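J.: quick check, what structure comes out for this input:
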Amino acid sequence: MALVAASHIDVDEQGVARIAGSRIKVQFLAVEASQGMSVEEIQKSHPHLSLAEIHAALSYYYDHKAEIDATVQREFREYQRLRAEAGESPLVKRLKAQGKLP
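T.: From the prediction side, this is the model:
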């Protein structure tokens, strides 16, 4: 396991970077930042993380941007595919049948 950024980031055998000692993936914090969240807002969403850990994660992201962006896109396409295959949930079908949803 590689240690990066003053031991704030662990990279596992599959190459997935996480905040050391947590299950939080660097890519999740990068997505939040790309959606306009500030470092302080990210910390409010993840109060167990220090500002140093968040900055280390974003630094790691910028050093590996193309690779992480490709992973995010691949996982999003897979999510969309699985969601399309699943179709409407039984709850949505029931609410439509009751006229409570269009």
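
J.: check the offset of the longest helix anywhere in the chain from the chain's centre.
T.: When the chain is parsed with DSSP state H, its longest helix is helix 65-86. Offset of helix 65-86 from its chain centre (CA atoms, centre = their mean, to the nearest Å): 11 Å.

J.: can you tell me the SS state at the residue nearest the centre of the chain?
T.: Nearest residue to the geometric centre of the chain (CA atoms, centre = their mean): residue 28, 2.2 Å. Applying DSSP: H, G, I helix; E, B strand; the rest coil to residue 28 yields a three-state assignment of helix.

J.: ok, it to residue 76 distance?
T.: Taking CB to CB, to the nearest Å as the measure, residue 28 falls 13 Å from residue 76. In this view, the C-beta of every residue, glycine as well, is placed from N, C-alpha and C.

J.: mind listing what residue 55 touches?
T.: residue 39 (CB atoms under 8 Å, 6 or more residues apart in numbering).
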